[in-house]
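>>> Sequence first, then the predicted structure, then my questions.
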Amino acid sequence: MSLKDYRRNGESIIISPANNLIASTDSFARVILIDILKGVAVRIFKGYRDAQVGWICVDDDSEEKSHRKYGLYLLIYAKRRGLLEVWGCQ
């Protein structure tokens, strides 16, 4: 299923290091966080014209290998605002 929207143009798509999320920017000044496995938009950030997105994955320094955890963070740089936002994803 898809929604045809000929006015909106995707500008960038960045996949997370864990390969389960995508961050996308579009021409309507939105950043959309998409869960690939479920096929749904998890969050839509509005008002981010000309934004750049990226990911940071931080590993836990735990001694136990079986219980290793990591933190996944979405970075949004809003150039027009001069603002860098960090959002925890999982």
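Received, thanks. Here the structure is a predicted model, which is why all the values come from computation and not from measurement. Numbers count the residues shown, from 1 in each chain.
>>> For the residue sitting nearest the centre point of the chain, which non-adjacent residue is spatially closest?
Geometric centre of the chain, nearest residue: A23, 3.2 Å, by CA atoms, centre = their mean. In space, A23 comes closest to V53 once its chain neighbours are excluded; the distance is 4.3 Å by CB to CB, 6 or more residues apart in numbering. Heads up, the C-betas are built off the backbone N, CA and C, glycines and all.
>>> repeat for S12
T25 (4.9 Å).
>>> Can you name the residues bridging to the one you found?
S12, V31 (DSSP bridges).
>>> List the contacts of it.
With contact set as CB atoms under 8 Å, 6 or more residues apart in numbering, T25 has these partners: G10, E11, S12, V31, I32, Y48, A51, Q52, V53.
>>> Can you lay out these as a markdown table showing neighbour count and distance to C89?
Shown next, in a markdown table, are the contacts of T25 (neighbours: other CB atoms under 10 Å; distance: CB to CB, whole Å):
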| residue | neighbour count | distance to C89 |
| --- | --- | --- |
| G10 | 10 | 20 |
| E11 | 15 | 20 |
| S12 | 12 | 17 |
| V31 | 25 | 12 |
| I32 | 19 | 13 |
| Y48 | 22 | 16 |
| A51 | 23 | 16 |
| Q52 | 17 | 17 |
| V53 | 22 | 12 |
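>>> mind listing what the residue nearest to the centre of the chain touches?
I13, I14, S16, V31, I32, L33, I34, V53, G54, W55, L74, I76.
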